[in-house]
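1. predicted structure and sequence below. I'll ask about it afterward.
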Amino acid sequence: MFQRKGPAAYKNSLENTLRLDEFYGHPHRKFKTIHVAGTNGKGSVSHMLASVMQTAGYKTGLYTSPHLKDFRERIRINGKMISQNEVVKWVKDFRLKNELWKIEPSFFELTVAMAFDYFAQQNVDIAIIEVGLGGRLDSTNIILPEISIITNIGLDHTNFLGNTLEKIAAEKGGIIKNNIPLVVGTTQSKTTHIFQDLVEIRGTKIYYADQEYSADYSMLGMDGSQLVNIKKNNKIFYSELKLDLRGSYQLKNLPAVLKTIDILKEKGWQISTQNIYDGLHSVQTNTGLLGRWQIIGNNPLIICDTGHNEDGIFAVTEQIKNTAYKTLHFIFGTVADKNIEPILNLLPKNARYYFVSANIERALNEKELQEKSSTFGLNGDYYDSVLAAFDNAKENADKYDLIFVGGSSFVVAEIL
């Protein structure tokens, strides 16, 4: 499992995926798909689209990664996780068949095969498929979707995808297919020419969502949802759209969602304006999305977020600046195979830190993390478990304080 083991678990070939797909009768050809890649926001975009599609009455599959609490979060239909029995039955069946097949798939390859087979068996109308890592060599990249989406490009997984935005864009651009439209969520000067070249080779169209849509205004509604005015070509198009995802960074994800819906409607999918309003107001309820600026306690305010790379941490720290609190208690952990100096440089210095190591092989040792962090003016104690740090933070915080949990999906997972 790449998320736990890191580089040792990464496969840079589609060979196993293609063999599994053939052995299971090409299940991905039996339903429509939307393919979502990008450095940040691809999970949120996937969940938002799934929520709108199921609100519109379509039986909607959703494949995402990683999971936080339960493996089954990765495979959902209309928000409902695949059952434990289905997982057990599928794995038993694979083991029997594999006595003949003799495949040695990775965790991710096997999970993709399970998801596609399950969606086909359940006759979904459409499935939103989130890329695991990169795009070109990702196991999900055997589908021929209705639309391909690339949310944005940032520096993450540089040991696999390249150490420049251009190289990473080329890898993620590997999901672009012949005659299948591409939606790009964020226009970036360093990557535009990469995508432009790829769509010309593939003979398809590219749409820059942020050049058409913008989220012009946001405040919190009485129910905690964000109230957003969406402009299309500089005119109010969706007035007071409610989004139950509270991260202010979601406003950057909305254009990609809305442009994708426009194209789906042009292709004949029946999606009303009310479906869009209702679907975006109920993303968490409809799809079970976790860990995106998620409030898990009040008095003190306790928030967790899975943002873990430079762009993700920047978005989180910007929202912390705009959050009212007396003292910030920051529970922070990360993985060892990441260049963390740019991240540490972004973290607020006026916080009390609780340095932790999640219970996975890849985690950076909490004492080493404390030592590295101190050189950036980040001060605090280290703890031998995430829960010990969490308990300590709750003891130290008063009701006007903010406890923030982040740096790694695994740290958030242990708190949830």
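-> Yep, that arrived. Note that this is a predicted model, so its numbers are computed, not measured.
2. read off the pLDDT value for the closest residue to residue 162 other than its chain neighbours.
-> Of all residues not flanking residue 162 in the chain, residue 168 sits nearest, at 5.3 Å (C-beta to C-beta, 6 or more residues apart in numbering). All C-beta atoms are positioned from the backbone trio N, CA, C, and that covers glycine. pLDDT recorded at residue 168 is 92.
3. pretty sure residue 168 contacts residue 161?
-> Yes: counting by C-beta atoms under 8 Å, residue 168 does reach residue 161; the two are 4.6 Å apart.
4. quick check: neighbours shared by the two?
-> Common contacts of residue 168 and residue 161 (C-beta atoms under 8 Å, 6 or more residues apart in numbering): none found.
5. tell me which of those two has more neighbours.
-> Higher neighbour count among residue 168 and residue 161: residue 168, with 25 against 22, using other C-beta atoms under 10 Å.
6. please, which helix or strand holds the more buried one?
-> Assigned by DSSP states H and E, residue 168 belongs to helix 165-172.
7. can you give me the buried ones in that helix?
-> 165, 168-172 (16 or more other C-beta atoms under 10 Å).
8. and stretch 372-382, by the same measure?
-> For stretch 372-382, by 16+ other C-beta under 10 Å, it's 372-373, 378, 380, 382.
9. could you pull out the strands in the stretch 151-300 of the chain for me?
-> Taking DSSP state E, counting those that start in this stretch as the criterion, the stretch 151-300 of the chain contains strands spanning 182-184, 206-208, 213-220, 226-232, 235-243, 294-297.
10. low pLDDT regions in the stretch 251-400 of the chain?
-> Of all residues in the stretch 251-400 of the chain, none has pLDDT under 70.
11. just the helices from it, written as ranges.
-> Remark: helices assigned in the stretch 251-400 of the chain by DSSP state H, counting those that start in this stretch are 273-281, 283-287, 310-321, 341-346, 366-374, 386-396.
12. so which of the ones you listed comes closest to residue 86?
-> Smallest distance to residue 86 across those (C-beta to C-beta): 18.4 Å, for helix 283-287.
13. the residue nearest to residue 125 when sequence neighbours are not counted: which element?
-> In space, and not counting its chain neighbours, residue 125 is closest to residue 58: 4.2 Å by C-beta to C-beta, 6+ apart. Taking DSSP H and E as the definition, one finds residue 58 inside no helix or strand.
14. what about residue 58, neighbour count?
-> Residue 58: 20 neighbours (other C-beta under 10 Å).
15. and for residue 56?
-> 22.
16. how about it, what does it touch?
-> Applying C-beta under 8 Å, 6+ apart to residue 56 gives the contacts 269-272, 275, 279.
17. how about a cut-off of 7 Å?
-> By C-beta atoms under 7 Å, 6 or more residues apart in numbering, residue 56 lies in contact with 270-271, 275.
18. list just the nearest of those to residue 49.
-> Checking the contacts of residue 56 one by one against residue 49 (C-beta to C-beta), the nearest turns out to be residue 271, at 10.2 Å.
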